[in-house]
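Engineer: starting from these lines, generate the structure:
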Amino acid sequence: MNYQAIYIRLISNKIKKIGYVEKHHILPRCLGGTDDKENIVELYPEEHYLAHLLLCKIYPKNQKLLYATMNMTTGSMINNGKRTNK
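Structural biologist: The predicted structure is shown next:
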């Protein structure tokens, strides 16, 4: 399966999002991405989670991506260890 093609289609969706969205780094900072607006896309929470799952498939040896994805599902210090809607 071409996870990279799926990822590119997901983040290329330019439809204006309505409601709660989360900011996502197109090229993650752990892979050299910046906080420039050209590297940020707004995604719905479910899309954001899917983007991280795809990144873990594309870069399976990157522990930082795995850590970020795990925190989205199991909770982190930021949300007091509570599970999110993902």
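
Engineer: and stretch 28-42, average pLDDT?
Structural biologist: Average pLDDT, stretch 28-42: 96.

Engineer: any idea which helix or strand carries the closest residue to residue 6 other than its chain neighbours?
Structural biologist: The spatial neighbour of residue 6 that comes closest, neighbours along the chain excluded (CB to CB, 6 or more residues apart in numbering), is residue 54 at 5.8 Å. Placement of C-beta: from N, CA and C, glycine included. Assigning secondary structure by DSSP states H and E places residue 54 in helix 45-58.

Engineer: against which helices or strands is that helix packed?
Structural biologist: Packing contacts for helix 45-58, counted by 3 or more CB pairs under 8 Å, 6 or more residues apart in numbering; DSSP states H and E, involve helix 3-11, strand 22-25, helix 63-74.

Engineer: next, format these as TSV and append mean neighbour count and mean pLDDT.
Structural biologist: Below are these laid out as TSV (neighbours: other CB atoms under 10 Å; pLDDT from 0 to 100):
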stretch	mean neighbour count	mean pLDDT
helix 3-11	14	94
strand 22-25	16	95
helix 63-74	15	89
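
Engineer: for the ones you listed, give me TSV that also has distance to residue 50.
Structural biologist: As requested, the helices and strands packed on helix 45-58 are arranged in TSV below (distance: least, CB to CB, whole Å):
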stretch	distance to residue 50
helix 3-11	6
strand 22-25	10
helix 63-74	10
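
Engineer: closest one to residue 45 among those?
Structural biologist: Taking CB to CB, strand 22-25 is the member of these nearest to residue 45, at 5.8 Å.

Engineer: name the SS class of the nearest residue to residue 17 once chain neighbours are set aside, please.
Structural biologist: Leaving aside its sequence neighbours, residue 17 sits nearest to residue 42 (CB to CB, 6+ apart; 5.1 Å). Assigned by DSSP: H, G, I helix; E, B strand; the rest coil, the conformation of residue 42 is strand.

Engineer: partner residues bridging residue 42?
Structural biologist: residue 23 (DSSP bridges).

Engineer: would you agree it is in contact with residue 18?
Structural biologist: No - using CB atoms under 8 Å as the test, residue 42 is too far from residue 18 to be in contact (10.5 Å).
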